[in-house]
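>>> sequence first, then the predicted structure:
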Amino acid sequence: MMLQIGPMYQKFVDDADDWAQKNLLNHLIARWSLKTKPDRTQDNDDSFREFYNSAVGSSELRRYVWEKFVFPVDDLAFDKQKQGLEDFLLVKLQEMADDYATQWKAYQVQLRKSAGTGAGANAPRDFQPVIKFDGIPQDLQAMYETNRKKIAYTVSSTMYSIYR
């Protein structure tokens, strides 16, 4: 799992500047406009800079980055802070555990069916669950799955060479 942190972090870094230019700046200007109702015929750069550097602007910046870039999911509000993130992750982990249990039961049923028919050659060789976490980009999930298969192959090859 630690191998995933580098690519995931790099994806955030790669996407951050584009996202900030397209979304963050426009959002902050909109929030500043709603708060200050500036005279559009005047130069308002100083007023915007003042808002941006204020506690209110800073809070809005953190909220928007949290809700729309770092954790862009509906069930995770900035106001709940750490507790909200923990609650959200607990729900997601329970969903993953339930999905894993369903896959395990299906594997056991398939194993019993193939054993009962004498079709040993068609029996599943090993249990290969597909771990899914909604919210993680598909390319990162695919990379995780590839790394998981490499590790499984390495472990099984090592075990085979030890016990043959």
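Happy to help now that I have it.
>>> and K132, helix, strand or coil?
coil (DSSP: H, G, I helix; E, B strand; the rest coil).
>>> again, but for Q42
Secondary structure, three-state DSSP: Q42 is coil.
>>> just give the number of residues close to it.
Applying other CB atoms under 10 Å, we find 9 residues neighbouring Q42. Where C-beta positions appear, they are placed from N, C-alpha and C, glycine not excepted.
>>> wait, what's in contact with it?
Contacts of Q42 were listed using CB atoms under 8 Å, 6 or more residues apart in numbering, and none were found.
>>> could you measure from it over to L34?
The gap separating Q42 from L34 is 17 Å, by CB to CB, to the nearest Å.
>>> and V73, helix, strand or coil?
Under three-state DSSP, V73 comes out as coil.
>>> when you give positions from now on, start the count at 662
Fine by me, first position is 662 from now on; the one you just mentioned is V734.
>>> how near is it to L746?
From V734 to L746 the distance is 11 Å (CB to CB).
>>> which of these two has more residues huddled nearby?
Using other CB under 10 Å, the more surrounded residue of V734 and L746 is L746, with 16 against 11.
>>> please, which helix or strand holds that one?
For L746, the host element (DSSP states H and E) is helix 742-777.
>>> what is the rounded mean pLDDT of that helix?
In this model, helix 742-777 has a mean pLDDT of 83.
>>> return the distance of it from the chain's centre.
Relative to its chain's centre, helix 742-777 lies at 17 Å (CA atoms, centre = their mean, to the nearest Å).
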